[in-house]
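> Provide a 3D model corresponding to the input given below.
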Amino acid sequence: MNSMFISAIESAIDYNNCFQRMCPYKCVLIFYIYVRTVNVVTIVILSRGKCGLSEGVTRYLVAMVAADQLVVLFDLVLSKIPVTYWPIEFVNWSGRVRVCNIHAVLFYAATDCSVWFTVTFTFDRFVAICFQELKRRFCTGRAAALVLGTVTVLICLKNICWYFMLDELFSSLNRSLICLTSDRLFSHSQLATFLLIHFLLTPIFPFVLILLLNSLTIRHVFVASRARRRLRGSRVGETAADPEMKNRRKSLLLLLVMSGNFILLWALLTVCSVWESLIFYIYSIPPESLRELGYMLQLLSCCTNTALYAVVQARFREQLKETVKSPLRLMAKCTRRCQDCINAR
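Predicted structure coming up:
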């Protein structure tokens, strides 16, 4: 039983195994450069405010992309560096300054922010679609900034606990840096309680909350659509356009695409998290291959925002095309000027 418990803890904090055996470090770096590029482009396009989205929605989407960027940075780059890439002096120094502990706090804080920003965005759209009287008061840019800031502070305070969960030592295993659990400050029951709370807050509770909010939102849209169709049909005919329902459908489409992407790519990891949180009741842990596949799907969710926005938002597609064409136009302009200078000589 103790061995299973230790395995569950190590699976929760061992963010080095996933992706390491399947791809060498150079492939990880290339993947990070790709993700960083598309996420930065997405943030720039959304920040311009030319995609036809409200200020509140724009802030939520930018925060989600930025959090995904930090997850990829802390997970793929800072924790996938083999020991052979660092001199032994750095490994000894990193143990003295608790680099492993600091990295654990940053990694889990970024992951929690990525998840809970999706929850806040889902709740914001739920309020905007289902409660029109509250939309002007709570679905604003100022409210979004306040909510995102509060969630970030609470998440950082919660994840400070990881700093005391790990020893300040590294273990060389398969040429990667592994954090060791600390059994000097906490008993198994205390560690199990913390892990249960950790799994409940991310991703079990957000997963259930997003499903619930989406179900309520879809139900409200269908009911309101039928009611407005009957009302407008009795007055101006069935073929008349309804701009209000058209705007609601657009908001619902963006909501379902973003939250659906989270649900699909986080489903397997959520199942593994529930499994691991019940270790004292079922006396088993998820297979390592299943857990690693869940981690990889979770990382994949950090680089799909650009494609999703391009599919859903026509104005975003236009801005993306313009952003891609701008450097090409600049290069062509510089080439023509250089050619003119050469011809003038």
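> center of the protein - which residue?
Centroid-nearest residue in the chain, with C-alpha atoms, centre = their mean: S114, separated by 3.4 Å.
> Quickly note the distance from it to A227.
37 Å (C-beta to C-beta, to the nearest Å). Placement of C-beta: from N, CA and C, glycine included.
> Distance-wise, check R248 relative to R228.
Counting by C-beta to C-beta - R248 and R228 are separated by 10 Å.
> Could you check which of these two has the larger neighbour count?
R248 (21 against 14; other C-beta atoms under 10 Å).
> residues touching the more buried one, list them.
Neighbour list for R248: I129, V221, A224, S225 [criterion: C-beta atoms under 8 Å, 6 or more residues apart in numbering].
> May I see the ChimeraX selection of the buried members of these?
Buried residues among those (16 or more other C-beta atoms under 10 Å), as a ChimeraX selection:
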select :129,221,224
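> Adding distance to C139, write the contacts of R248 out as TSV.
Below are these laid out as TSV (distance: C-beta to C-beta, whole Å):
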residue	distance to C139
I129	10
V221	16
A224	17
S225	20
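> any idea how far E55 lies from S47?
Counting by C-beta to C-beta - E55 and S47 are separated by 11 Å.
> Now do the strands in this protein.
166-173, 176-181 (DSSP state E).
> Mean confidence (pLDDT) on the longest helix anywhere in the chain, please.
Longest helix in the chain, counting residues (DSSP state H): helix 243-277. If you average the pLDDT over helix 243-277, you get 81.
> circling back: how about the contacts made by the nearest residue to the residue nearest to the centre of the chain once chain neighbours are set aside?
Once flanking residues are discounted, S114 sits nearest to A67: 4.0 Å by C-beta to C-beta, 6 or more residues apart in numbering. Applying C-beta under 8 Å, 6+ apart to A67 gives the contacts A110, C113, S114, F117.
> pLDDT score assigned to A67?
So, for A67, pLDDT stands at 93.
> do V35 as well
81.
> Name all residues that make contact with it.
V35 touches D68, Q69, V72, L76, C302, C303, counting by C-beta under 8 Å, 6+ apart.
> Check the gap between L76 and L29 for me.
8 Å.
> For these two, indicate the residue with more neighbours.
L76 (24 against 15).
> Not counting its neighbours along the chain, what's nearest L29?
Here the residue nearest L29, using C-beta to C-beta, 6+ apart, is V77, at 7.1 Å.
> What is the neighbour count of that neighbour?
Neighbours around V77, by other C-beta under 10 Å: 16.
> distance of it from K246?
From V77 to K246 the distance is 43 Å (C-beta to C-beta).
> same check, this time on T42
According to C-beta to C-beta, T42 stands 25 Å off from K246.
> neighbour count winner among the two?
T42 (28 against 10).
> The more buried one touches N305, doesn't it?
Yes - using C-beta atoms under 8 Å, T42 makes contact with N305 at a distance of 5.8 Å.
> Need the overlap of contacts for those two.
In contact with both T42 and N305: V65, using C-beta under 8 Å, 6+ apart.
> low-confidence ranges in the stretch 51-200 of the chain?
The model of the stretch 51-200 of the chain has pLDDT under 70 over residues 78-97, 167-188.
> ranges for the helices of it?
Ranges of helices within the stretch 51-200 of the chain are 55-72, 88-96, 99-130, 132-138, 141-159, 162-165, 188-199, based on DSSP state H, counting those that start in this stretch.
> Please spell out which residues along the first one are buried.
Going back to what we said before, that points to helix 55-72. 56-72.
> quick check: angle from it to helix 99-130?
150 degrees (axes from the mean of the first three to the mean of the last three C-alpha atoms, to 10 degrees).
> ok, how many other residues are close to G141?
Counted with other C-beta under 10 Å, G141 comes out at 14.
> before we move on, the earlier item: got CSV for the helices of the stretch 51-200 of the chain, with distance to I210 too?
Formatted as CSV, the helices of the stretch 51-200 of the chain follow (distance: least, C-beta to C-beta, whole Å):
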stretch, distance to I210
helix 55-72, 13
helix 88-96, 37
helix 99-130, 5
helix 132-138, 18
helix 141-159, 15
helix 162-165, 24
helix 188-199, 16
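> Out of these, which is closest to Q319?
Across those, Q319 has its closest neighbour in helix 55-72 (12.2 Å, C-beta to C-beta).
> and the direction of the closest one versus that of helix 243-277, what angle?
Going by the same axes, to 10 degrees, helix 55-72 makes 30 degrees with helix 243-277.
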